[in-house]
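In: Any chance you can model this:
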Amino acid sequence: MQENRVDSPNDAGPHQHAHTAPTTQQMRTVGQRRRDAEEKLEHHLQEARHKDHPEETQEPEAEEPGNT
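Out: Numbers count the residues shown, from 1 in each chain. Below you'll find the model as predicted:
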């Protein structure tokens, strides 16, 4: 059975498919996942910065007009 598969003119070999160029849809998916991952990483880094230095992240409370 395997002999027929190897001799098939449509079979490019066991490793050929791994080296073909990705489709446009695959490239878009990879790009979107990368952007999502970078955004998530930036969010985590900001949270870590705020956790390490909480006094820097707190904004001074502004006085309400009329309460002076």
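In: Report the secondary structure state of Q26.
Out: helix (DSSP: H, G, I helix; E, B strand; the rest coil).
In: Tell me the spacing between it and R33.
Out: Applying CB to CB, to the nearest Å, the value for Q26 to R33 is 11 Å. Just so you know, the C-beta spots here come from the backbone N, C-alpha and C atoms, and that holds for glycine as well.
In: Which of the helices and strands in this protein ranks last by mean pLDDT?
Out: One helix or strand of the chain scores below all others by mean pLDDT, DSSP states H and E: helix 2-7, with a mean of 54.
In: can you map out the helices along this structure?
Out: Listed in chain order, the helices of the chain (DSSP state H) span 2-7, 24-52, 54-57.
In: Could you single out the most deeply buried of the ones you listed?
Out: helix 24-52 (a mean of 10; mean count of other CB atoms under 10 Å).
In: What is it packed up against?
Out: With contacts defined as 3 or more CB pairs under 8 Å, 6 or more residues apart in numbering; DSSP states H and E, helix 24-52 has these neighbours: helix 54-57.
In: one more time with 7 Å
Out: The contact analysis (3 or more CB pairs under 7 Å, 6 or more residues apart in numbering; DSSP states H and E) places helix 24-52 against no helix or strand.
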